[in-house]
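Novice: Got a predicted structure plus its sequence, pasted below:
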Amino acid sequence: MTDSDAAAADASDDSEAASGGDHEADGGGTDGGSGDAPGLPADLGAVRGALVDWYEADHRDFPWRRTEDAYEILVSEVMSQQTQLDRVVPAWEDFLDEWPTTADLAAADRADVVAFWSDHSLGYNNRAKYLHEAAGQVESEYGGAFPETPDELQELMGVGPYTANAVASFAFDNGDAVVDTNVKRVLYRAFAEIHNADDPDYETVANALMPAGESRIWNNAIMELGGVACGKKPRCDEASCPWREWCHAYQTGDFTAPDVPTQPSFEGSRRQFRGRIVRLLGEHDEMDLDTLGHRIRVDYTPDGEHGREWLRGLLSDLADDGLVKIEEEDTQIIARLQ
DNA sequence: CTCCCGCAGT
DNA sequence: ACTGCGGGAG
């Protein structure tokens, strides 16, 4: 899309701007703009409309954006928490094919769900456990019907503030503004007040920005912005960012973003070996200690530094996490998914 | 190497 | 407030 428009240029506040979207701005006057969110542009209606129009004009067509089923949405959110969306698509489709409803998932063996998770390289196997557990909660505590408010959704295992608002928004159009690392980056760059704050209150600003009662379209739109136009490497013009005329970063050229804690390297980490163990146990049902050890690392020697004692430690933690069961038969030690 | 739509346990 | 948790892709 050609955009052009030199941008920064006029910082003038005229505007009703682009759009003509169908969303009429905020219900007049009530929030008069920046009442509880100093630092937001005065013409909030234009800012909101520009983003929503931009999203509606063109956005990535992920399959979970075509459903309003809370369970399907939840599965997509949990999978997306740290896996690239393009990789989530096939896993999401396979998962729902295998367990189409919360009743199906709740009735499944956890070991099968964990094995699926590992087999689809979705990482963080605890999330499979959480999802299985959450399905059980929906069945037993809500009679199979998802709660519809963020507060209630947060009671589900593995569902925190972000996921609760995402599900409430995308399934029920009933959420508050989502705040994840993408949204934080957008807000930090766009609005100087956030950028300059010692301890930015993202939640308050995000909610002040969101048009009340339109969480579904809004949260989709602002996350799309963070993913497509305002990623770590900004693509303002290429993506025709709708906020260029208001954006502090675009006008100053300062595209710094909030620090995201960097993970310790994965290669050689204990997480890597946990992952290998779970993957192997998903393929072999049960394995004895030394066979498992030799299969997860070439330098495994029963009595060496990375030997039985080391492996017992990993398995013990996996057992504490409820992912693995350790059985002692005679002198043999056998592990299987739990 | 970094990045990717967080959360639970402590 | 801090820590641990997978693994593919760029």
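Specialist: Now that the structure is in, tell me what you want to look at. Numbering: from 1, shown residues only, chains lettered A, B, ... in the order given.
Novice: can you tell me how far residue A:142 sits from DNA strand B?
Specialist: The gap separating residue A:142 from DNA strand B is 16 Å, by C-beta to the nearest atom of the strand, to the nearest Å. Yep, even glycine has a C-beta here, placed from its N, CA and C like the rest.
Novice: so what's the backbone phi/psi at that residue?
Specialist: phi -130, psi 10 (degrees, to the nearest 10).
Novice: swap in residue A:324?
Specialist: Taking degrees, to the nearest 10, you get phi -130, psi 150 for the backbone angles of residue A:324.
Novice: wait, isn't it in contact with residue A:338?
Specialist: Yes - using C-beta atoms under 8 Å, residue A:324 is in contact with residue A:338, at 5.7 Å.
Novice: These two: which has the busier surroundings?
Specialist: Summary of the neighbour comparison: residue A:324 and residue A:338, criterion other C-beta atoms under 10 Å, with residue A:324 having more neighbours (23 against 17).
Novice: so what's that one bridging to?
Specialist: Residues found in beta-bridge contact with residue A:324 (criterion: DSSP bridges) are residue A:337.
Novice: How much space separates it from residue A:280?
Specialist: Between residue A:324 and residue A:280 the computed distance is 11 Å (C-beta to C-beta, to the nearest Å).
Novice: pLDDT wise, what is residue A:9 at?
Specialist: The predicted structure scores residue A:9 at 30 on the pLDDT scale.
Novice: residue in the stretch 151-300 of chain A nearest to DNA strand B?
Specialist: For the stretch 151-300 of chain A, the nearest residue to DNA strand B under the criterion C-beta to the nearest atom of the strand is residue A:160, separated by 2.4 Å.
Novice: Which residue is the nearest non-sequential neighbour of that residue?
Specialist: Here the nearest residue to residue A:160 in space, its sequence neighbours aside, is residue A:154; by C-beta to C-beta, 6 or more residues apart in numbering that works out to 6.6 Å.
Novice: what about that neighbour, how many neighbours?
Specialist: For residue A:154, the neighbour count with other C-beta under 10 Å is 17.
Novice: Which residues of the stretch 101-250 of chain A lie near DNA strand B?
Specialist: With the criterion set to C-beta under 7 Å from any atom of the strand, the stretch 101-250 of chain A comes near DNA strand B through A:124, A:130, A:157-164, A:166, A:180-182, A:223, A:227, A:231-232.
Novice: out of the residues you listed, which are buried?
Specialist: Among these, those buried by neighbour count (16 or more other C-beta atoms under 10 Å) are A:124, A:130, A:158, A:159, A:162, A:163, A:164, A:166, A:180, A:182, A:223.
Novice: quick one: which of those is nearest to residue A:249?
Specialist: Minimum distance to residue A:249 across those is 14.5 Å, recorded for residue A:182 (C-beta to C-beta).
Novice: ok, now which ones touch the closest one?
Specialist: A:222, A:223, A:226, A:227, A:230, A:231 (C-beta atoms under 8 Å, 6 or more residues apart in numbering).
Novice: If you count neighbours, what's buried in the helix or strand hosting it?
Specialist: Here residue A:182 is covered by helix A:181-190, with elements defined by DSSP states H and E. Judged by neighbour count (16+ other C-beta under 10 Å), helix A:181-190 contains these buried residues: A:182, A:183, A:184, A:185, A:186, A:187, A:188, A:189, A:190.
Novice: do the same with stretch A:312-326
Specialist: Here stretch A:312-326 shows A:314, A:315, A:318, A:323, A:324, A:325 as buried, counting by 16+ other C-beta under 10 Å.
Novice: if we take these, which one ends up nearest to DNA strand B?
Specialist: For those, the nearest to DNA strand B is residue A:323 (12.5 Å; C-beta to the nearest atom of the strand).
Novice: Quick check: phi and psi at the closest one.
Specialist: phi -100, psi -30.
Novice: go on, the one 3 residues further on?
Specialist: Phi and psi for residue A:326, reported as degrees, to the nearest 10, are phi -110, psi 130.
Novice: quick one: it from residue A:295, how far?
Specialist: Using C-beta to C-beta, one gets 17 Å for the distance from residue A:326 to residue A:295.
Novice: just residue A:164 next, same as before
Specialist: Here the criterion is C-beta to C-beta. By it, residue A:164 lies 39 Å from residue A:295.
Novice: Residue A:266: what secondary structure?
Specialist: Secondary structure of residue A:266, reduced to three states by DSSP: H, G, I helix; E, B strand; the rest coil: coil.
Novice: secondary structure element for the nearest residue to it once chain neighbours are set aside?
Specialist: Counting by C-beta to C-beta, 6+ apart, residue A:266 lies nearest to residue A:272, which is 5.7 Å off, once chain neighbours are set aside. Assigned by DSSP H and E, residue A:272 belongs to helix A:270-284.
Novice: What pairs with the next helix or strand after that helix, parallel or antiparallel?
Specialist: Following helix A:270-284 in sequence order, the next helix or strand is strand A:286-288 (DSSP H and E). In its sheet, strand A:286-288 lies beside strand A:332-337 (antiparallel), with partners assigned from DSSP bridges.
Novice: is the strand it pairs with up against DNA strand C anywhere?
Specialist: No - on the criterion C-beta under 7 Å from any atom of the strand, strand A:332-337 is out of touch with DNA strand C, staying 12.4 Å away.
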